[in-house]
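A structural model of the following input is requested.
(one chain, ligands or ions: 2)
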Amino acid sequence: MKRILVTGGAGFIGSHLCERLLNEGNDVICLDNYFTGSKKNIVHLLDHPFFELVRHDVTQSYYAEVDEIYNLACPASPIHYQYNPIKTVKTSVMGAINMLGLAKRIKAKILQASTSEVYGDPAVHPQPESYWGNVNPVGARSCYDEGKRCAETLFMDYHKQNQVKIKVVRIFNTYGPNMHPNDGRVVSNFIVQALKNKDITIYGDGSQTRSFQYVDDLVEGMMRMMHTGNDVTGPVNLGNPIEYTILELAGKIIDLTGSKSKINYSELPQDDPVQRKPDIRMARNLLNEWVPHVEIHEGLTKTIEYFKNKIQ
Ligand code: NAD
Ligand code: UDP
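Residues are numbered from 1 along each chain as shown. Ligands and ions are numbered 1, 2, ... in the order given. Below you'll find the predicted structure:
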């Protein structure tokens, strides 16, 4: 039995990862400060004999003997990471230093949840891992984008300097149950608005694109990445390469919910990327033919069911 630490484990992705790791017979420590996560996401795991919950902030050092660390702690939605941008940078950078220090000391493998935001507003499309990105260092999204970029640098340097066994995955837009209803991200916003027959808030003209990955596909990819040999460090993209405009996404959600919502257009936020789509050839090669399997209608239907129960 492996002992595994998941930072940010009470969040959207972390809660799915904790559940999957427990189901596969691991001993899981879920660490979270509950900034955007919630005990509600993991309450069904609390009685499990091999699940432990720790209230802790990754900007402070932490010690436990574990075999693997998944470092997910960081707010991921623009409204949340922009709420206290200095704290967001601290979480990414000091969190990475603390968790890498722990991994070095106890000789654990450590996986970093990096992001497609390292590509910024990408000039190369789709985005391969070799693309260095187009990031504004002083804009509204910089605390997150640059924090995550610095965390990647730290991971690579701990690997080169101290031989820490690192894995870096760049996660593209992911959705599914356990997203917070007021999270502010596009899938949760549109579903909640559609279910309440309220206006669907499209920022800009809705022609910007994103590629949406269902959370189960991501969790599978992250676990396969953790199990690769020590020579595989990444960064590796994990995302669904099927690209939609935001307007198309709104249409799908209106159809699937049978909503009477109308579209309301408002101003596009600063530095909002125009396009985003992962090149997943590297993941496919390194992760035993990993590809996303859940297509958008199936994933949205499951997510809509979750929100129906959540907001009624
Ligand atoms: P989330 O906000 O639901 O989860 C983040 C979790 O981290 C929350 O439980 C939060 O309380 C916790 N946290 C935040 N700051 C912390 C701190 N200082 N100390 C301890 N815990 C802290 O977001 P998510 O979508 O589950 O994202 C998880 C990770 O995946 C993040 O690192 C995010 O950057 C990355 N990611 C997510 C996406 C996506 O589309 N969901 C895309 C790219 C990258
Ligand atoms: N978006 C939107 N309406 C919303 C929320 C988001 O039009 O209510 C847009 C947003 O401007 C962006 C896209 O949807 O172009 C994805 O936004 P999200 O915050 O989910 O993720 P990110 O921009 O980080 O990819």
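
show me what contacts D27?
M1, K2, R3, I4, F50, E52 (C-beta atoms under 8 Å, 6 or more residues apart in numbering). From N, CA and C alone the C-beta is placed, and that goes for glycine too.

Please report the number of neighbouring residues for the fourth one.
Applying other C-beta atoms under 10 Å, we find 25 residues neighbouring I4.

just the third one next, same as before
Other residues near R3 come to 16 when the count uses other C-beta under 10 Å.

Looking at it now. What's its pLDDT?
Listed pLDDT for R3 reads 98.

what's it sitting at in phi/psi?
Torsion angles at R3 (phi, psi; degrees, to the nearest 10) stand at phi -100, psi 130.

And the last one, by the same measure?
The phi and psi torsions at E52 (degrees, to the nearest 10) take the values phi -130, psi 140.

go on, Y265?
The phi/psi pair for Y265 (degrees, to the nearest 10) is phi -100, psi 140.

What of V6?
The phi/psi pair for V6 (degrees, to the nearest 10) reads phi -120, psi 110.

Kindly state the beta-bridge partners for the residue lying closest to it once chain neighbours are set aside.
Leaving aside its chain neighbours, V6 sits nearest to Y70 (4.8 Å; criterion: C-beta to C-beta, 6 or more residues apart in numbering). Counting by DSSP bridges, Y70 is bridged to V6, L111.

What's the separation between Y70 and M223?
Distance of Y70 to M223, given as C-beta to C-beta, to the nearest Å: 9 Å.

any idea of the mean pLDDT for the host helix or strand of G221?
Using DSSP states H and E, G221 maps to helix 215-226. What helix 215-226 shows for mean pLDDT is 98.

Work out the gap between it and the centre of the chain.
Centroid displacement of helix 215-226 relative to its chain, using C-alpha atoms, centre = their mean, to the nearest Å, is 11 Å.

and that helix, what does it pack onto?
Secondary-structure packing of helix 215-226 (3 or more C-beta pairs under 8 Å, 6 or more residues apart in numbering; DSSP states H and E): helix 12-23, strand 68-71, strand 109-115, strand 166-171, strand 174-175, strand 236-238.

now these in TSV, with mean pLDDT, distance to Q275 and mean neighbour count?
Below are these laid out as TSV (pLDDT from 0 to 100; distance: least, C-beta to C-beta, whole Å; neighbours: other C-beta atoms under 10 Å):
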stretch	mean pLDDT	distance to Q275	mean neighbour count
helix 12-23	98	23	22
strand 68-71	99	28	27
strand 109-115	98	16	25
strand 166-171	98	16	24
strand 174-175	98	18	26
strand 236-238	98	15	27
